[in-house]
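Participant: Provide a 3D model corresponding to the input given below.
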Amino acid sequence: MDDVARIAGVSVSTVSHVLNGTRNVNPTTRQRVDAAIVEIGYRRNVVARSLAAGRTNTVGLSIAALTNPYFGSLVHAVEQRLSEAGYVLILGDSHDEPLSERRVTDSLLDRQVDGMILAPAAGSESTTIPEIVRSGTPLVLIDRMLDLPCDQVGPENDASAYQLTAHLLDAGHRRIAIVRGIEGISSTNERFDGYARALADRGVDLDPRLILDGRSNVEVAEMHVHELMSSSNRPSALVSMNNSMTIGSLKAVRALGLSIPDDLAFVCYDDFEWSDLFEPRLTAAAQDVQTIGRTAADLLLNRIEGRDEKPRSIRVPTTFNHRNSCGCAATSAGIPAAPER
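Facilitator: Down below sits the predicted model:
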């Protein structure tokens, strides 16, 4: 900065004001400072500045399955809001594995991030989260809700899965299979609970043979759906509980030469941007990804700035998008909301 000031013929404080936008500077003077910066190739030492200020203006995000379209959209929503507030997002993929998650969060803590957003893997409440809390780093949970006194935001899972399943039951289906996600993750448990409640409320027994563990994986879901639809235990309807497993399920049905909805009524949790553009058009519960991501970022910014003391737990409703993969002529306006637990 001394060199820039000398070449531009201004004070160091003027250079600082130009760089940081802390005060209006005469346009001619600003041009001289900008020209001097280009001439000597000056770049601010962000690390040194962070050490002096006690803040890095970075936020860490640990999340799984970055190839999943839903998580990609979620990351974009978080990054967009943080960027507006002047923060840089540092991203790590936990692969939904406790050890990988711990490596990611330890690395983020080592980089002195100002706050962290975490989509917790199974068991995080006893492994990763206590370490983050001990560090004093502000934390917000996203997508997966836990019974912990911390800020968190996620979608409505139970009632949405209930609504999808009830829709099929009300259309006359009684043998409804489910492809559920990774065991031990809160969203998996909540969506399964909604499915089971809808069956129970209409007097349909839960059949373990119709419960498929898709593990939130395209290939695993494809394998299990192919196996079930090839058996004598074939259901008349199927509920997929996230979009990776939806892709796998549809691939299995196509490989068997079956038709949706003629051979299998199909509904899914998670919506694709292109769900309305191909046949069958998917009946789906769509998450408000923008609201979830931006709300998580706002909760964290409040915590970083010390503006919020009481932890908040926010559920964001889904939207029922009725199309034709379920094989019925009902409209979304005629679909009853799930009863309160």
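Participant: show me the strands in the stretch 201-341 of the chain, by range?
Facilitator: Along the stretch 201-341 of the chain, counting by DSSP state E, counting those that start in this stretch, strands occupy 211-213, 237-240, 265-269, 283-286, 313-316, 319-321.
Participant: which residue is the nearest non-sequential neighbour of residue 18?
Facilitator: residue 33 (4.6 Å; CB to CB, 6 or more residues apart in numbering). Heads up, the C-betas are built off the backbone N, CA and C, glycines and all.
Participant: so how far is residue 42 from the one you found?
Facilitator: 10 Å (CB to CB, to the nearest Å).
Participant: which residues does residue 151 form beta bridges with?
Facilitator: Residue 151 has the following beta-bridge partners by DSSP bridges: residue 140.
Participant: what's the answer for residue 316, then?
Facilitator: residue 155.
Participant: who are the contact partners of it?
Facilitator: 153-156, 287-288, 291-292, 295 (CB atoms under 8 Å, 6 or more residues apart in numbering).
Participant: residue 302 now?
Facilitator: residue 308.
Participant: swap in residue 188?
Facilitator: Here residue 188 is in contact with 180-182, 216, 241 (CB under 8 Å, 6+ apart).
Participant: pull the CA atoms of the one helix or strand it maps to into CSV?
Facilitator: For residue 188, the host element (DSSP states H and E) is helix 186-201. Backbone C-alpha positions of helix 186-201 (Å, rounded to 0.1, in the frame of the first residue of the first chain) are rendered in CSV as follows:
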residue,chain,number,x,y,z
SER,A,186,-33.5,-37.5,10.1
SER,A,187,-35.1,-36.7,6.7
THR,A,188,-35.2,-40.4,5.9
ASN,A,189,-36.9,-41.2,9.2
GLU,A,190,-39.4,-38.4,8.9
ARG,A,191,-40.5,-39.2,5.3
PHE,A,192,-40.9,-42.9,6.2
ASP,A,193,-43.0,-41.9,9.2
GLY,A,194,-45.3,-39.9,6.9
TYR,A,195,-45.6,-42.9,4.6
ALA,A,196,-46.4,-45.3,7.4
ARG,A,197,-48.9,-42.9,9.0
ALA,A,198,-50.8,-42.6,5.8
LEU,A,199,-51.1,-46.4,5.5
ALA,A,200,-52.2,-46.7,9.1
ASP,A,201,-54.8,-44.0,8.9
